[in-house]
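[1] sequence isn't available, so here's the structure alone:
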């Protein structure tokens, strides 16, 4: 099993190195992260659960490491996480089904 805390620390070090070499990369990430509205509607816990579900669908281990920690700190429960991950699983299945139709169409096109 991956040591997520150690991985997160290692990733932070590597990202810091990237930031030293090209600060604009991290600045751009910060600008995009802050551009997402943080209104009262969803709240931090829900935003982190959504972030984790998206991290799963995009297969981003670094995103999982950061957002799992933030979701836990925001008060998310294992049951809430399991529900969010169930949505991610269903979405991936649905996307595979839709893209299966595209593959079928491509196969049938001359």
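    Received it, and whenever you're ready, just let me know what you need. Quick caveat, the model's predicted, so the values are computed rather than measured.
[2] in contact with the residue nearest to residue 70 when sequence neighbours are not counted, which residues?
    Excluding its sequence neighbours, the residue lying closest to residue 70 (C-beta to C-beta, 6 or more residues apart in numbering) is residue 48, at 4.7 Å. (C-beta placed from N, C-alpha, C; glycine too.) Going by C-beta atoms under 8 Å, 6 or more residues apart in numbering, residue 48 touches 67, 70-71, 74, 76.
[3] write a PyMOL command that selects only the buried members of those residues.
    Command for PyMOL, covering only those of the contacts of residue 48 found buried under the criterion 16 or more other C-beta atoms under 10 Å:
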select buried, resi 67+70+71+76
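[4] just the ones of the contacts of residue 48 in helices?
    67, 70-71 (DSSP state H).
[5] buried ones in the strand or helix carrying residue 6?
    For residue 6, the element it lies in under DSSP states H and E is helix 4-21. Buried residues in helix 4-21, defined by neighbour count with 16+ other C-beta under 10 Å: residue 8.
[6] top helix in the protein by residue count?
    Criterion DSSP H: the longest helix present in the chain is helix 78-108.
[7] thanks again, I'm all set now.
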